[in-house]
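Following is a predicted model, sequence given first.
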Amino acid sequence: MRIATWNVNSVNARLPTILEWFEQERPDVACLQELKCLDQRFPGEAFERLGYNVAVHGQKTYNGVALLSRTPLEDVRRGLPGDDGDEQARYIEAVISGPTPIRVGGLYLPNGNPVDTDKFAYKLAWMERLHAHAIQLLALEEPLVLAGDYNVIPESADVYDPAAWADDALFRPESRAAFRALKWLGLTDAYMAADGAPGGYTFWDYQAGAWPRDLGIRIDHLLLSPMAADRLAGVVIHRDVRGREKPSDHVPVVAELSLTV
DNA sequence: ATGGTAGACCTTCTA
């Protein structure tokens, strides 16, 4: 089965582009981020017509995440545990039903800029909550995928100019250390395990000609539990999508797992 | 050093 993650930067502004990609690629599961709409404004029928079951955790104007699956979604959780006062819609999780059920968490990790504000503290606190939740999920010893826009550049090879990003929240040592700590729990970065080639970027800014100049960063990741990593067959970054009409600034990343659907 | 783009929404915030 193929599992995709894609920060779409407004599901409604991007709908024709998104549907075209879904019709071409037909992923079994997809995690979408930055919907920028409330649940009732999510175009669920358009995805249902393509054969998907839909679970949404929306928010007005900002954030918003969704899970799409060809088989029914069970045990849906909306919101990251650990802070009941957190209003931001950045996490959704469900079990994908099938002969080998797989648990999928779709996440939109806070950007964290500027670093001298409470936005950076919120990012690091959110990563601590994700860490604590990942411990709980790994204890289940299931196939598990935590996929989304992590807003973390893991290594220097994942950015066109490391020095230019040294003070950015996406590349700060604190953010990278928290990402490494997640992996130390036993999670595998699917791209690195399957390919790992430098320059596998997933985001290019809209500004300053970042796309034509290939000034990209790798911030969209799929982290796999051991039972999922053992079944990893490959990862494809759909780079060409960035060059299409009215693109998102992120492109889809798709992991293939040798699981029957 | 600055400004460059995109989306939601209504004027500025987020990225």
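Nice, I can see it.

how about the residues of chain A near DNA strand B?
A:9-10, A:12-14, A:36-37, A:60-63, A:110-111, A:113, A:119, A:151, A:206-208, A:246 (Cβ under 7 Å from any atom of the strand). In short, each C-beta sits where N, CA and C put it, glycine included.

Quick check, residue A:258 in contact with residue A:233.
Yes - the criterion here is Cβ atoms under 8 Å, and residue A:258 meets it with residue A:233 at 5.1 Å.

Okay, helices next: where are they in the stretch 101-250 of chain A?
Assigned by DSSP state H, counting those that start in this stretch, the stretch 101-250 of chain A shows helices spanning A:118-138, A:173-184, A:190-194, A:226-229.

could you say what helices and strands the last one packs with?
Think helix A:226-229. Here helix A:226-229 touches strand A:144-149, strand A:188-189, going by 3 or more Cβ pairs under 8 Å, 6 or more residues apart in numbering; DSSP states H and E.

what's near enough to touch the residue nearest to the spatial centre of chain A?
By Cα atoms, centre = their mean, chain A has its centre lying nearest to residue A:148, at 0.8 Å. Listed by Cβ atoms under 8 Å, 6 or more residues apart in numbering, the contact set of residue A:148 reads A:5, A:7, A:31, A:33, A:65, A:105, A:106, A:107, A:108, A:109, A:220, A:221.

In the sheet, which residues pair with the nearest residue to it once chain neighbours are set aside? Tell me.
Closest residue to residue A:148 in three dimensions, ignoring its sequence neighbours and counting by Cβ to Cβ, 6 or more residues apart in numbering: residue A:107, at 3.7 Å. Residues in a beta bridge with residue A:107, per DSSP bridges, are residue A:91, residue A:148.

My understanding was that residue A:107 contacts residue A:145; is that so?
No - assessed by Cβ under 8 Å, residue A:107 is found out of contact with residue A:145, at 10.7 Å.

quick one: stretch A:174-194 to chain centroid distance?
With Cα atoms, centre = their mean, to the nearest Å as the basis, stretch A:174-194 stands 14 Å off its chain's centre.

buried stuff in it?
Buried residues in stretch A:174-194, counted by 16 or more other Cβ atoms under 10 Å: A:175, A:176, A:178, A:179, A:182, A:187, A:188, A:189, A:190, A:191, A:192, A:194.

Identify the residue nearest residue A:155 in space, chain neighbours excluded?
residue A:176 (7.7 Å).

Compute the distance between the one you found and residue A:228, please.
The gap separating residue A:176 from residue A:228 is 23 Å, by Cβ to Cβ, to the nearest Å.

And for residue A:95, the neighbour number?
Residues lying near residue A:95 (other Cβ atoms under 10 Å) number 20.

Hmm, residue A:36 and residue A:61 touching each other?
Yes - look at residue A:61 against residue A:36 with Cβ under 8 Å: they come within range, at 6.1 Å.

So between those two, which is more surrounded?
Applying other Cβ under 10 Å to residue A:61 and residue A:36 shows that residue A:36 carries more neighbours, namely 20 against 9.

Please report the distance of residue A:171 from DNA strand B.
For residue A:171, the distance to DNA strand B equals 14 Å [Cβ to the nearest atom of the strand, to the nearest Å].
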